[in-house]
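S.K.: using only what follows, build the 3D model:
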Amino acid sequence: MVSEDQNLVAPCGINCGICTSYLAHSRDIPLQKGVSHCTGCRIRNKNCAFIKKNCEFKVGKEIAYCHECPTFPCERLKAIDDRYRRDYNTSLIENLTFIKEHGVDVFTKKQREQYKCAKCGGMICVHNGFCYDCGKAELDAYVKAKKSTVRKLKNRK
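M.R.: Prediction:
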């Protein structure tokens with residue numbers, strides 16, 4: 001039987017359990033501009049959202065994780081990994097290598113410890129650094145600022 005934690009590790013190595021869209025969904029944060037909802041790639045029974053169009057091995061369907069692919073890491077995964085390294089200080093390729101060497105259960109345990117909120121024990125989001133359990137005020141301010149920035153950019157056109 002697959003655990004909930006295992007279901008939250010996407011084929012490309014993203015831990016959906018620390019993703020802003022999953023955290024917003026699972027904490028019932030209302031949908032609004034700047035806040036999206038997602039239940040996770042595996043839970044939706046979807047092929048990987050980031051790689052599916054270019055994957056001949058149908059990651060998430062025919063193979064469980066990208067590290068099982070003979071072309072690992074492919075160019076698409078490298079591009080996503082570069083963005084996640086730059087923007088979020090995390091590597092999908094390193095996540096997948098760790099999963100291959102130690103298993104998904106050890107990976108999810110490590111991630112729970114790494115992203116655990118020191119104040120409340122909730123999960124810290126990899127995308128914005130907020131705890132979606134005890135950091136609601138900070139999260140609301142972040143979303144408002146993000147909306148304001150989007151409005152300013154639209155008005156510049």
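S.K.: point out where this structure drops to low pLDDT.
M.R.: Scanning the chain for pLDDT under 70 picks out 1-4, 33-34, 42-54, 57-61, 137, 142-157.
S.K.: can you give me the helices in the chain?
M.R.: For the chain, applying DSSP state H gives helices covering 4-7, 20-26, 75-88, 92-102, 104-114, 136-155.
S.K.: backbone dihedrals for His37, please?
M.R.: phi -120, psi 140 (degrees, to the nearest 10).
S.K.: return the residues in contact with the closest residue to it other than its chain neighbours.
M.R.: Excluding the flanking residues, the one nearest His37 by CB to CB, 6 or more residues apart in numbering is His25, at 3.9 Å. C-beta: built from backbone N, CA, C; applies to glycine. Taking CB atoms under 8 Å, 6 or more residues apart in numbering, we find His25 in contact with His37, Cys38, Thr39.
S.K.: on that earlier part again, tell me which of the helices of the chain sits most buried.
M.R.: helix 20-26 (a mean of 21; mean count of other CB atoms under 10 Å).
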